[in-house]
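>>> Coordinates for the following, if possible.
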Amino acid sequence: AYRLCLWSRVASRVLWIVAEGEVANPDDIYALARAVAWDEHIDADSTFAVNFNGIGQGIRNTQFGALKVKDAIADQLRDTLHRRPDVDAKNPDISIDAHLRKGRLTLALDLSGGSLHQRGYRLAHGAAPIKEHLAATLLYRAGWPQLAADGYNLIDPLCGSGTLLLEALLMAADIAPALKRPRFGFTRWQSHKPAVWKRLHEEAVARREAGLSRLDLKIWGYDHDGATLASARDNAARLDLGHCLHLERRDLARFTAQPGYGARGLIITNPPYGERLGTLSELVGTYDALGAAFKTFPADWQMAIISSNPDLLKRLRLQRHKTYQAYNGGLETQIALYLRSEQHESEGQTHDPAAPVDEQARMLANRLRKNRRAAQKAAEAAETNAYRVYDQDMPEYAVAVDIYGDHVHVQEYAPPKTVAPEKA
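Next up, the predicted model:
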């Protein structure tokens, strides 16, 4: 459990199960919790809190469920220790997790003491940061541990406060992600073994030094916002890793392959996808630029992107190598992987920018016909005569086209900021 708390890059919590069983009503929940020898886990001077999840078996809200478990714990400790410990809902010494599902209750100690994505280094962040354990998931899906071992470089052209860059460094240098975490949930646990924890922590410190000494790769991070980059530098400094990466203020429009980036590497980023940052029309240019920039890199480069918007991913105009599903909180996202060696100028493109206007118009007409056939079938199944046949699929025609019976409605989107006003 200690090792998990220290080394897991993707776990949210580490739970130590102390009891589980079938329950039919609130009294059964109390009895199950009351039967646990809580004095083996909590002393009378410690504070505790109960986090209850689930409903059923007479539990109509989680507050009532938490109250039943809390009363059982307090009563058991009063009988054995002759004192009733205090409850601290905000910052308890010991957190108890109670989970009720399909009539089965599980009680566990939260040894992590809060979500493990809180590594302790990111005190400042940008407007829509990616959580550390999701960043680690993206890096794992991209195969970064092996790529780093093989000497690949890494670039995040939209680095924000640097979470992806720092998680990549922690992996590449074999640094425990929670090495700088200030607090865990087991420090006031009655069964805590300080000597074991001290040994594991010292081992992690030694591995960090060894990993940094053999680190042989370069990492770059770019962002257009100076204040956000300052946060990235502060976060890197808290990990004592500021010397291991290059941070620079740079617009995405200026991002292209450079000889100094090397012959092989990974571009990895968490671009905005319209949920919190930017409107969809503004983000079209961002994804267009990312796809175009990737094509300037050598054949041994790869790219990994996380996004919840499949339509924006299409704007990359790239042949996708693999796709994985992931969740950013409650938001379903896709992790898309691309290999530069699999990209050809004819793949993923719907138009030739140098083509004459009539050729581009022909491509638009083909797209409209194709989209309408598919949309008509879906509309008939839904018993409606209103449907969309086009939504800025081609950057030259940034419009939405809707059919309402015998009428066609066309709306023009505002041009993205990356398009000059005279060209819009």
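>>> looking at it, residue 39 is touching residue 82, isn't it?
No. The criterion here is C-beta atoms under 8 Å, and residue 39 misses it with residue 82 at 10.5 Å. (Glycine included, C-beta is placed from N, CA and C.)
>>> And these two? Which one has more around it.
A count of neighbours by other C-beta atoms under 10 Å puts residue 39 above the other of residue 39 and residue 82, at 14 against 8.
>>> And the more buried one, how far from residue 184?
Per C-beta to C-beta, to the nearest Å, residue 39 is found 21 Å from residue 184.
>>> Distance of the closest residue to residue 34 other than its chain neighbours relative to residue 48?
Nearest non-adjacent residue to residue 34, counting by C-beta to C-beta, 6 or more residues apart in numbering: residue 72, 4.1 Å away. Distance of residue 72 to residue 48, computed by C-beta to C-beta: 12 Å.
>>> go on, residue 20?
Residue 20 sits 19 Å away from residue 48, going by C-beta to C-beta.
>>> more neighbours, these two?
A direct count of neighbours by other C-beta under 10 Å for residue 20 and residue 48 places residue 48 higher, at 23 against 13.
>>> Share the number of residues neighbouring the nearest residue to the more buried one once chain neighbours are set aside, please.
Spatial nearest neighbour of residue 48, chain neighbours left out: residue 94 (4.4 Å); criterion: C-beta to C-beta, 6+ apart. Look at residue 94: counted by other C-beta under 10 Å, it has 26 neighbours.
>>> any idea where the strands of the stretch 201-350 of the chain begin and end?
219-223, 246-249, 264-269, 300-307, 322-328, 331-339 (DSSP state E, counting those that start in this stretch).
>>> Redo those as TSV? Include distance to residue 367, mean pLDDT and mean neighbour count.
Output for the strands of the stretch 201-350 of the chain, formatted as TSV (distance: least, C-beta to C-beta, whole Å; pLDDT from 0 to 100; neighbours: other C-beta atoms under 10 Å):
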stretch	distance to residue 367	mean pLDDT	mean neighbour count
strand 219-223	33	98	24
strand 246-249	38	97	14
strand 264-269	28	98	23
strand 300-307	22	97	23
strand 322-328	23	93	13
strand 331-339	22	95	18
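>>> out of those strands, nearest to residue 77?
strand 322-328 (37.3 Å; C-beta to C-beta).
>>> what about the spatially most central residue of the chain, which helix or strand?
With the centre of the chain defined as its mean C-alpha position, the nearest residue by C-alpha atoms, centre = their mean is residue 134, 3.0 Å away. Counting by DSSP states H and E, the element that carries residue 134 is helix 132-141.
>>> Skip ahead from that helix and say which helix or strand is next.
Using DSSP H and E, the next helix or strand after helix 132-141 towards the C-terminus is helix 144-149.
>>> And that following helix, what does it pack against?
With contacts taken as 3 or more C-beta pairs under 8 Å, 6 or more residues apart in numbering; DSSP states H and E, helix 144-149 sits against helix 163-172, strand 264-269.
>>> Using the record's assignment, carve the protein into domains.
2-110, 132-173+215-342, 357-412 (automatic domain parsing).
>>> Scan this protein for its longest helix.
helix 357-381 (DSSP state H).
>>> from the chain's centre, how far out does that helix sit?
Centroid separation for helix 357-381 versus its chain: 35 Å, with C-alpha atoms, centre = their mean, to the nearest Å.
>>> Same list, the domains of the chain, but as JSON lines with distance to residue 189 please.
Formatted as JSON lines, the domains of the chain follow (distance: least, C-beta to C-beta, whole Å):
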{"stretch": "domain 2-110", "distance to residue 189": "6"}
{"stretch": "domain 132-173+215-342", "distance to residue 189": "23"}
{"stretch": "domain 357-412", "distance to residue 189": "55"}
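>>> got a list of what residue 8 touches?
Residue 8 makes contacts with 14, 116, 177, 178, as judged by C-beta atoms under 8 Å, 6 or more residues apart in numbering.
>>> Which one of these sits in the busiest neighbourhood?
Ranking those using other C-beta under 10 Å puts residue 177 first, with 26 neighbours.
>>> which SS class is that one?
coil (DSSP: H, G, I helix; E, B strand; the rest coil).
>>> wait, what's in contact with it?
Residue 177 neighbours (C-beta under 8 Å, 6+ apart): 6, 7, 8, 9, 116, 119, 132, 136, 167, 170.
>>> Mind doing that once more with 6 Å?
Neighbouring residues of residue 177 by C-beta atoms under 6 Å, 6 or more residues apart in numbering: 9, 119, 170.
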